[in-house]
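Enquirer: A predicted structure for the sequence below; I have some questions about it.
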Amino acid sequence: MKTQLSNNTLLKFFNKELSFEEMTRVGSIINNSDKYKSIINELKVTYSLTNEKEKLEDNPYLHMEIMNKITENKSPKSSYNSYFVQRLFQPIMAISLILITLYTGYNIGNINNETNNEFSAFSNKSEIYFNDLQLEKFETILLIKE
Amino acid sequence: MKDEELISGIIDGNQLYFKILVDKYQSLVLNTCFHFTHNKNDAEDITQEVFIKVYESIKNFNYQSKLSTWLYRIAVNKSLNYIRDNKKRNIFKSIENLFNKNTKYEQQIEESTSIIDEESDPIKIQRLNILRDSIQLLPENQKTAFILHKYEEISYQEIAVIMNVSLASVEGLIHRAKINVQKNILKKIK
């Protein structure tokens, strides 16, 4: 019978945080399953890499590079440019784009409303014009002719 | 030369003292930044920023902590800021990629250079990447405590000073970080 082990149980087993009975039970399940055995082994090997110290080599020219950057930063022109571009220009552009989009959208909506109003006004007028034509009279004339 | 002498020498405007300080502490700063970014070029850029900050604000150093503690604090803050900015940049890049297929190619080239190739064993590189990704997924305070403890081998007491938290908090953060890293590894290998 295959027993499923949760991640929490596997981690507690890995960190030896289970009771003696539980350790024996979970241990026997893991020993009988190739899948769990490989998972525990992979976890062990991967986590053990934290014990390996990765060290980068020193840069003998670092001091020079830092001093160059410090002198660059001191020049007013470059600091003004970077400040303007990063801190002011980009937010201003973003806000103006949003405002333009909102304004355009609002205007398009208004145009649609206006045309709707015009249509309704026109249809009202056409009714008036239709009445003004006095079609009844035409009809009477036509009837008389017949 | 003692740190106090170095600091007073730099405040007096002596460039040689600053060079000595950079040479003495560059390994500490560079490796701390590298453990946060996992990218050599980024770590070098942040290291430069850290020392520029040190040069500009060393007058304000109050001798309440060790110089190394102060350097660690600046390095951690700069690295975390860099990661935050990088996340934002990646979001913008992915939006750009939706509209422009050519930038996708450029990004692929950039990503491949960020993988360290000092290891020859491809399985080990894969495991290292899983571990690094698992650490990157941690919340900022857990990540900081874990990296300083595991890679920099700093005492809990000093980590507490660097992070400006209590000793008990550091113990809790490191324990939770360890469990979360293992959980993240497990999710990736399962």
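Expert: Thanks, I have the structure now. Numbering: from 1, shown residues only, chains lettered A, B, ... in the order given.
Enquirer: Identify the residues contacting stretch B:154-174?
Expert: B:65-66, B:69, B:72-73, B:76, B:141-142, B:144-146, B:148-149 (C-beta atoms under 8 Å, 6 or more residues apart in numbering or on different chains). No exception for glycine: its C-beta is placed from N, CA and C like everyone else's.
Enquirer: Quick one: which of those residues is the most crowded by neighbours?
Expert: Most neighbours among the contacts of stretch B:154-174, by other C-beta atoms under 10 Å in any protein chain shown: residue B:145, with 28 neighbours.
Enquirer: before we move on, back to that, which two of the contacts of stretch B:154-174 have the greatest separation?
Expert: The span of those, defined through C-beta to C-beta, is set by B:66 and B:142 at 23.8 Å.
Enquirer: What about residue 42, how many residues nearby?
Expert: Picking chain A for this. 17.
Enquirer: hmm, I had chain B in mind actually
Expert: Neighbour tally, residue B:42, other C-beta under 10 Å: 18.
Enquirer: Give me the nearest residue to it, chain neighbours excluded.
Expert: Spatial nearest neighbour of residue B:42, chain neighbours left out: residue B:82 (6.6 Å); criterion: C-beta to C-beta, 6 or more residues apart in numbering or on different chains.
Enquirer: so how far is residue B:131 from that neighbour?
Expert: 20 Å (C-beta to C-beta, to the nearest Å).
Enquirer: Between these two, which has more neighbouring residues?
Expert: residue B:131 (22 against 19).
Enquirer: So the more buried one is in contact with residue A:49, correct?
Expert: Yes: at 5.1 Å, residue B:131 counts as touching residue A:49 under the criterion of C-beta atoms under 8 Å.
Enquirer: And residue 131, what's its pLDDT?
Expert: Since no chain was named, I'll use chain A. pLDDT, residue A:131: 53.
Enquirer: if you could check chain B rather than the one you did, that'd help
Expert: 94.
Enquirer: so what's it up against?
Expert: Applying C-beta under 8 Å, 6+ apart, we find residue B:131 in contact with A:46, A:47, A:49, A:50, B:181, B:185.
Enquirer: PyMOL command for the buried members of those residues?
Expert: Here is the PyMOL selection string for the buried members of the contacts of residue B:131, based on 16 or more other C-beta atoms under 10 Å in any protein chain shown:
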select buried, (chain A and resi 46+47+50) or (chain B and resi 181+185)
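Enquirer: nearest to residue A:37, of the contacts of residue B:131?
Expert: residue A:46 (15.0 Å).
Enquirer: Skipping adjacent residues, who's closest to that closest one in space?
Expert: Closest to residue A:46 by C-beta to C-beta, 6+ apart is residue B:127, at 4.6 Å.
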